[in-house]
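Chemist: I would like to see how this sequence folds:
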Amino acid sequence: MVLIRSRTARSVIKVAVPFLILPVLTIAGALIFDQKKHIIISLSVAVFALLLFAAGFEKRSTGTRRMVIVAVMTALCFAGRFIPFLKPIMALTIISALYLGGEAGFLVGALAAVLSNFYFGQGPWTAFQMLAWGFSGLFAGFFAEHLKKSKALLLIYGALSGILYSWIMDIWTVLWYNEGFSLKFYLSTLTTAIPYTLSYMVSNVLFLLLLSKPIGDKLGRIKIKYGV
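Modeler: All right, here's what the predicted structure looks like:
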C-alpha cells in the first residue's frame, strides 16, 4: 500500500511541479516580488527542481549516482556560459536528459542558470532562465528514445528548444516592461527578438553536432557500468 502511494506521489510530482507549481511561482514572483527578493523565487525553483529529480528514481543508491553525474554536467554548463556569443548550455542540458532522464535534464538546466547567475548577475529573469533550460531537458527526456536514434530529429529538437527559450524569456520581458502581460506587446517582442532566437537555435544545433556523440557515448557507458 505504501509503495502504491509512493508511486502515486511521484506521478503527481512529475506533473504538478514542472507544469503547474513552477510556472505559477515564476510568474507570480516576477509580478509580486521586488528585485531585492528575487533570489527567494530562484532558490524555490531550485528546491522544486530537486524534488522533481528525486521523484524520478526509486533506489537511493541509483539517485546518488545520478546526482554526481548531474553535478558534473551542471559544472560543464556553468563553464559553458563563459564562451562568448554561442553557448552550449541548452545542448548539454538536452544531452543530460537523453541519458539520465527528463527530471535530471530539468535539474541540470535549472541549476546551471541559478548557479552561473551568481557570477553573471541574479535577477527576476533567473527563474525564467531556469524554467526555459529546465523544460528543454524535461521534454528531451520524454522523447529520448527517438532523439537518440535520429541525429536529424535531435538537431530539429535543438532548434525548437532555442525557440522555446526565447518565447519563455520574452514573457519575462513583457512582464518587466509592461508590469503585466499583454498579448499584443508579447507578439511584438517575439518579432524584435528574432535575431536572438536565431542565435539560440544555431548555438543548440552547433553544440549538439559537436558534443552529442562524445559526451553521449561517455554517459551511456557510465549508465551501463554503474546501473544509473
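
Chemist: now residue 134: how far from residue 109?
Modeler: Distance, residue 134 to residue 109, using C-beta to C-beta, to the nearest Å: 4 Å. Every residue, glycine included, has its C-beta placed from N, CA and C.

Chemist: same deal with residue 173?
Modeler: 20 Å.

Chemist: what about the two, which has more around it?
Modeler: It is residue 109, of residue 173 and residue 109, that has more neighbours when counted by other C-beta atoms under 10 Å, with 33 against 18.

Chemist: need the contact list for that one.
Modeler: Residue 109 makes contact with 77, 89-90, 93, 130, 132-137, according to C-beta atoms under 8 Å, 6 or more residues apart in numbering.

Chemist: Which residues are in contact with each of residue 134 and residue 109?
Modeler: When contacts are counted by C-beta under 8 Å, 6+ apart, residue 134 and residue 109 are jointly contacted by residue 93.

Chemist: buried ones in the helix or strand where residue 77 lies?
Modeler: Under the criterion of DSSP states H and E, residue 77 resides in helix 60-80. Judged by neighbour count (16 or more other C-beta atoms under 10 Å), helix 60-80 contains these buried residues: 63, 65-67, 69-70, 73-74, 76-78, 80.

Chemist: cool, and stretch 86-94?
Modeler: Across stretch 86-94, burial judged by 16+ other C-beta under 10 Å covers 87-94.

Chemist: of all the residues you listed, which comes closest to residue 33?
Modeler: For the buried residues of stretch 86-94, the residue nearest residue 33 by C-beta to C-beta is residue 89; the value is 25.0 Å.

Chemist: I'd say that closest one and residue 81 touch.
Modeler: Yes: applying C-beta atoms under 8 Å, one finds residue 89 in contact with residue 81, separated by 6.2 Å.

Chemist: Give the residues shared as contacts by the two.
Modeler: Common contact partners of residue 89 and residue 81 (C-beta under 8 Å, 6+ apart): residue 112.
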